[in-house]
Every structure is written in structure tokens, then in C-alpha cells.
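**Q** from the sequence below, what's the structure:
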Amino acid sequence: MDFVYDTLATGRAFRSLTIVDNFTKLSPAIEADFSLPGTRVARVLDWLRETHGLPETIIVDNGTEFVSRALDTWAHENNVALHFIQPGKPNQNCYIENFNGRYRDEFLNQHIFNTLDQARDLIETWREDYNRQRPHSSLDGLTPHEFTLKWMAENQQPEANPKAQKLHF
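**A** Predicted coordinates for the structure are as follows:
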């Protein structure tokens, strides 16, 4: 997980909480808002628990939201380890940094958002396109969605149960 900053046409800054599964390259969520404190990050992770299941470990930097008491409590209660990269070493979380670079270059830099709601709608459209339409060389030319379905079938994971998918974000 990580954060990416951008601004609306009015100049007001907003943030995106980006989440990527390191194994499937799937982005299960991008949450955008003006403020995303640790309690809000925990709520997003609660939603992901219900829709996708939880990983054993989440890799994060040392941002205030990630080192917050709220996220620490959430991680403890959900038996998820938080792995903090070394300060100033974003290459230790290269999957999210790569994703954020694509998100910035291919999407954020290409749009001017008038409202936060407009940004959210367009972000969700881009996220779905990223997951379902874009083949990845690291996934043998499959999209993250196709790779996930193939992995689930090969490992006899029931497609109807989204919690069967093991995420590593």
C-alpha cells in the first residue's frame, strides 16, 4: 500500500490510497479523498477483508497513516503483519512504486478533475481497465484478472468465493 497525491482543477489536493497484490498484480482498491487517516485506511482494509480476504503481510512505508495506532490495532486484530520498508528506500516496495508510476503517468497526469466525485469515478474506471484489460509481461501476457482466475482454477480455488484469493499487498 502507498499514497499518491494529486490536485483538483481548483488546486485542492487529494490523496489516493493505492493497493496492489504483489503476486497477481491486481489492484483490489484505490481509495481517493481529501483526508485518509489511519482509521480510514483500516476501514478500506475491512472492506477488502470482506470482498477479497486478507494477506499475511502488507508492505508499507513509514507514513503517519501506516505507523498509526489505528492501523497497528487493526493489523493485530486481523492477524496481518505490517512490514515497514526502510526510510528512503522505496525500491523495497517496488510493486506499489511501479503501479504508482503507471497510475501517475498513464492516468493522473492525463486528467484534470473538477470534483473529487469525478476523480473517484474516473479512478475506478482506470483501475478496472488496469485489472481486466492490460496484459502484463510478468504474468505471461495475462491481465491481473485473467491470471487470478487461472491461478484459482489451477489451485482448485472456488471462483465464487473471493476470499479464496490470497492477496499479498
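
**Q** and the nearest residue to F113 once chain neighbours are set aside, what is it in contact with?
**A** Among residues not flanking F113 along the chain, A119 sits closest, at 3.9 Å (CB to CB, 6 or more residues apart in numbering). C-beta: built from backbone N, CA, C; applies to glycine. A119 makes contact with D6, L8, F14, A32, H111, F113, according to CB atoms under 8 Å, 6 or more residues apart in numbering.

**Q** now the buried members of the residues you listed.
**A** The neighbour-count test (16 or more other CB atoms under 10 Å) marks D6, L8, F14, A32, F113 as buried among the contacts of A119.

**Q** so which of the residues you listed comes closest to K89?
**A** Checking the buried ones among the contacts of A119 against K89 by CB to CB gives D6 as the nearest, at 23.8 Å.

**Q** three-state assignment of the closest one?
**A** With DSSP: H, G, I helix; E, B strand; the rest coil as the basis, D6 sits in strand.

**Q** save the buried ones among the contacts of A119 as TSV, and put in pLDDT and distance to V67 too.
**A** Output for the buried ones among the contacts of A119, formatted as TSV (pLDDT from 0 to 100; distance: CB to CB, whole Å):
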residue	pLDDT	distance to V67
D6	98	23
L8	98	28
F14	98	22
A32	98	22
F113	98	29
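
**Q** closest to D105 out of these?
**A** Of all the buried ones among the contacts of A119, D105 sits closest to D6, with 12.3 Å by CB to CB.

**Q** please name the nearest non-neighbouring residue to that closest one.
**A** Distance criterion CB to CB, 6+ apart; nearest residue to D6, sequence neighbours excluded, is L108 at 4.9 Å.

**Q** no further questions, thank you.
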